[in-house]
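S.K.: structure, please.
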Amino acid sequence: MKSLMSLTSIMLNELGMRCCTSVERDLKTITSRFEHEGLSFLTITLPSFGKDLLKSLDQGYVGSNQFSGFRRSGGLPAFLQGFLCQVFERSSGELLPEPCIESIRAIRQFCGLFEKINLRCSEKRVRKAMDSYVQCELEVRCADRRQDFGSSSRSLVSSIRTSFAMLFGDSINRVNRDLRSARYDRFLPKHGPGRTADCLVGNQKYYQSVWTVRLEAVLPAGEFVIPSWRWYRSLRGIDFHEPGTERPVRVVDVPKSLKTPRIIAMEPTCMQYAQQSVLRAILDSFDEDPFVRELITFQDQTPNQRMALQGSIDQSLATVDLSEASDRVSNQLVRYLLAPWPDFSEAVDACRSRSADVPGHGVVRLAKFASMGSALTFPIETMVFLAVVFNRFRELNSHLRGKALKQAVLRQVRAYGDDLIVPVDIVRQVIDDLEALGSKVNVDKTFFTGSFRESCGKEYYAGIDVSIVRCRSVFPTSPDDASEVVAMVDFRNQLYKAGFKTTCQWLDKKISKILGIFPLLAPTSSGLGRHSCIPPILYRSEIRDKSRSKNDYQRPEVRAWVVTAPIPRNGIEGYPALVKCLTTGFNPDVKHLKHSGRPRALSIKKRWVSVT
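M.R.: Okay, here's the model as predicted:
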């Protein structure tokens, strides 16, 4: 903790020099409050201060309810006032006509530095998060009861279903036809490296001993569990679970911030396997549709980021963020939207788990479509949210048809999970529709009135990138703390790229003291080293007494720490090995049949590595 406080002081001093303001009083406040509040001041209180800054920028003034917990001096809090006075008018709190963007970036960087540090929450906060998970279920059911899932053509959900069909109808039709004719070429399943509800890891997942009756009706085990029907005798060892005996998802918490953990659900192996096959079919069909292929880019966040940049410049586009987004997508709504395609709807429903084992609450019947952890959560929520936005966009642009409407959509609408880009003209109506469907808009991360926009990890103010660097881990004490060492080196190099020269010098000394060697290396090198603006050709001159030339390749090498992550031994043979080879593609190296799963731990070792 002492190291974190030292980092805080050094960074604040450097930020003060950047913005030509004194931070002496601010440092005294930080020291005093850290002594009384502990780490929560850095990880909870300061991030809240940063969020109030963004809200003040969005509304154009510092409200009376902003920056609570900090003494006021005029219209602004006394804390960090040297920076704030360059953004807001001191006495009234009004946003200046030309605020200092460097000061905005400085406050954001300082306050958000430890917001996402990888530390486990207190048990009290974990229990509260689990309670919220169950409470969310009740709220989803209440939202379902308010909807008209009947035949009313004027209801909100009916209008959204029409918009959903306009966007994705052609793509889903292709998948629906394949299912109806029992063609499974698109449905290529796979097992991921993560853990599952039945505690199978790596290659052991291919020894499928469980399938469900619901899956068998639409995705038969003979087509997915065994290599071909020639192995049909192997199906005798599979236990087909009836709906009432299916294994529930296992709800667990993972680190997110010290304020609240992230709640995810580990799916049973058979469900995750089937979900991956349906996901593959959806993505394959999307690729055949030029419009949808451009509208949804699950592997690329840059379209959202570019549109957020545009919105910060001309205020034409808003960025909307949702809280508990995946947990608030109703299964009833998804079934209603997919009803025109019965075979596809049955496949999606068959690979959806119906209950969850929640710590402290037992097994709970799920009203949501799925939690984070299902392979279909992200694509389905993206499709639903896009349909909600497009529904309002269609009303606003009722004069557009066909290709002109599609081009307008591509310029002004985007969704990447719960990160939405919405035209400012319809943002309030979209928010109302989302809340009517049971979603909860995150007001702290939704911007549409000022010049600040944020989407997919990028933040912009008036067309200038004000994104920040976060410290994700506590500092290591020795090379044995491999994960912390890797995180610290990555943090240092991100800060260097962001221009924090003084802070990087302090970190270099800290890292060198722990590792002993911390050489200059290019970002493409396999070793842990300092990134620099020095041309790679000059690296060798700086480390000439500790380098060598590799004659085979005529390249300079240096001793450095290298990360090793041994994959656990986890072998398979027989037909499960054949299934893996057929579903993952040909690989002449058969080591993957002997070792699989995620590494249990990282380690670092000294080796000779290329400096470039």
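
S.K.: could you tell me the end-to-end distance of stretch 278-294?
M.R.: 20 Å (CA to CA, to the nearest Å).

S.K.: what are the buried residues along that stretch?
M.R.: Val278, Leu279, Arg280, Ala281, Ile282, Leu283, Asp284, Ser285, Phe286, Asp289, Phe291, Val292 (16 or more other CB atoms under 10 Å). C-betas here are computed from N, CA, C, even on glycine.

S.K.: which other residues reach that stretch?
M.R.: Stretch 278-294 is contacted from outside by 167-168, 170-172, 174-175, 178, 186-190, 219, 296, 298, 347-348, 351, 375-376, 379, 406, 410, using CB atoms under 8 Å, 6 or more residues apart in numbering.

S.K.: if we go to 7 Å?
M.R.: 168, 170-171, 174-175, 186-188, 296, 347-348, 351, 375-376, 379, 406, 410 (CB atoms under 7 Å, 6 or more residues apart in numbering).

S.K.: drop anything exposed from those residues.
M.R.: Buried members of those, counted by 16+ other CB under 10 Å: 168, 171, 174-175, 186-188, 296, 347-348, 351, 375-376, 379, 406.

S.K.: may I have the residues that are in contact with the residue lying closest to Ile572 once chain neighbours are set aside?
M.R.: Leaving aside its chain neighbours, Ile572 sits nearest to Asn203 (4.2 Å; criterion: CB to CB, 6 or more residues apart in numbering). Neighbouring residues of Asn203 by CB under 7 Å, 6+ apart: Asn570, Gly571, Ile572, Leu593, Ser596.

S.K.: likewise for Pro243?
M.R.: Val213, Arg214.

S.K.: which pLDDT value belongs to it?
M.R.: On pLDDT, Pro243 comes in at 91.

S.K.: any idea of the mean pLDDT in the longest strand seen in the chain?
M.R.: Counting by DSSP state E, the longest strand found in the chain is strand 555-564. Averaged over strand 555-564, pLDDT sits at 86.

S.K.: which of the residues in that strand are buried?
M.R.: Across strand 555-564, burial judged by 16+ other CB under 10 Å covers Pro556, Glu557, Val558, Arg559, Ala560, Trp561, Val562, Val563.

S.K.: just the CA trace of the very next helix or strand once past that strand, in CSV.
M.R.: Remark: after strand 555-564, the chain's next helix or strand is helix 575-584, criterion DSSP states H and E. Extracted C-alpha coordinates of helix 575-584, given in CSV (Å, rounded to 0.1, in the frame of the first residue of the first chain):
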residue,chain,number,x,y,z
TYR,A,575,-13.1,-40.7,-30.5
PRO,A,576,-13.0,-37.6,-28.2
ALA,A,577,-9.5,-36.8,-29.7
LEU,A,578,-11.0,-37.2,-33.2
VAL,A,579,-13.9,-34.9,-32.3
LYS,A,580,-11.4,-32.2,-31.2
CYS,A,581,-9.4,-32.5,-34.3
LEU,A,582,-12.5,-32.2,-36.5
THR,A,583,-14.0,-29.2,-34.7
THR,A,584,-10.8,-27.2,-34.1
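
S.K.: distance from the chain centre to helix 575-584, please.
M.R.: 30 Å (CA atoms, centre = their mean, to the nearest Å).

S.K.: next one: stretch 310-317
M.R.: 24 Å.

S.K.: now do the buried residues in that stretch.
M.R.: Buried residues in stretch 310-317, defined by neighbour count with 16+ other CB under 10 Å: Gln310, Gly311, Ser312, Gln315, Leu317.

S.K.: which one among the residues you listed gets closest to Phe452?
M.R.: The closest of the buried residues of stretch 310-317 to Phe452 turns out to be Ser312 (CB to CB; 6.4 Å).

S.K.: tell me which element that closest one falls in.
M.R.: Using DSSP H and E, Ser312 falls in helix 302-314.

S.K.: which strands and helices sit next to that helix?
M.R.: With contacts taken as 3 or more CB pairs under 7 Å, 6 or more residues apart in numbering; DSSP states H and E, helix 302-314 sits against strand 317-323, strand 414-416, strand 419-423, strand 452-455, strand 458-461.

S.K.: out of those strands, which comes closest to Lys51?
M.R.: Of all the helices and strands packed on helix 302-314, strand 452-455 comes closest under CB to CB, at 10.8 Å.

S.K.: so which bits of the closest one are buried?
M.R.: Residues of strand 452-455 classed as buried: Phe452, Arg453, Glu454, Ser455 (neighbour count, 16+ other CB under 10 Å).

S.K.: what do you get for stretch 76-94?
M.R.: By 16+ other CB under 10 Å, the buried positions in stretch 76-94 come out as 76-77, 79-89, 93.

S.K.: residues of stretch 490-502 that come out buried?
M.R.: By 16+ other CB under 10 Å, the buried positions in stretch 490-502 come out as Phe491, Arg492, Asn493, Gln494, Leu495, Tyr496, Phe500.

S.K.: among those residues, which are located in helices?
M.R.: Phe491, Arg492, Asn493, Gln494, Leu495, Tyr496 (DSSP state H).

S.K.: and these, which is closest to Pro523?
M.R.: Looking across these and measuring by CB to CB, the closest to Pro523 is Asn493, at 7.5 Å.

S.K.: do I have it right that the closest one meets His531?
M.R.: Yes - the criterion here is CB atoms under 7 Å, and Asn493 meets it with His531 at 4.4 Å.

S.K.: pull the contacting residues for Arg600.
M.R.: Counting by CB under 7 Å, 6+ apart, Arg600 has contacts Pro568.

S.K.: and it, how far from Ser483?
M.R.: 12 Å (CB to CB, to the nearest Å).

S.K.: next secondary structure element downstream of the host helix or strand of Val157?
M.R.: Using DSSP H and E, Val157 falls within helix 156-180. Toward the C-terminus, helix 156-180 is succeeded by strand 210-212 as the next helix or strand (DSSP H and E).

S.K.: now for that following strand, which elements pack on it?
M.R.: Partner elements for strand 210-212 (3+ CB pairs under 7 Å, 6+ apart): strand 239-241, helix 269-287.

S.K.: can you list those in JSON lines and add distance to Val609?
M.R.: Listed next are the helices and strands packed on strand 210-212 as JSON lines, based on distance: least, CB to CB, whole Å:
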{"stretch": "strand 239-241", "distance to Val609": "50"}
{"stretch": "helix 269-287", "distance to Val609": "36"}
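
S.K.: quick one: which of the ones you listed is nearest Arg195?
M.R.: Per CB to CB, nearest to Arg195 of the helices and strands packed on strand 210-212: helix 269-287, 9.8 Å.

S.K.: strands of the stretch 351-500 of the chain, start to end?
M.R.: Assigned by DSSP state E, counting those that start in this stretch, the stretch 351-500 of the chain shows strands spanning 355-358, 362-365, 414-416, 419-423, 440-441, 452-455, 458-461, 464-465.

S.K.: I'd like the ones you listed as CSV, with mean pLDDT and distance to Phe70 appended.
M.R.: Listed next are those as CSV, based on pLDDT from 0 to 100; distance: least, CB to CB, whole Å:
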stretch, mean pLDDT, distance to Phe70
strand 355-358, 95, 37
strand 362-365, 94, 40
strand 414-416, 93, 34
strand 419-423, 94, 30
strand 440-441, 93, 26
strand 452-455, 93, 21
strand 458-461, 94, 22
strand 464-465, 94, 26
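
S.K.: just the closest of the buried residues of strand 555-564 to Arg195, please.
M.R.: Checking the buried residues of strand 555-564 against Arg195 by CB to CB gives Val563 as the nearest, at 22.1 Å.

S.K.: ok so, going back, can you tell me which of the buried residues of stretch 310-317 lies closest to Glu242?
M.R.: When the buried residues of stretch 310-317 are ranked by distance to Glu242 (CB to CB), Leu317 comes first, at 49.1 Å.
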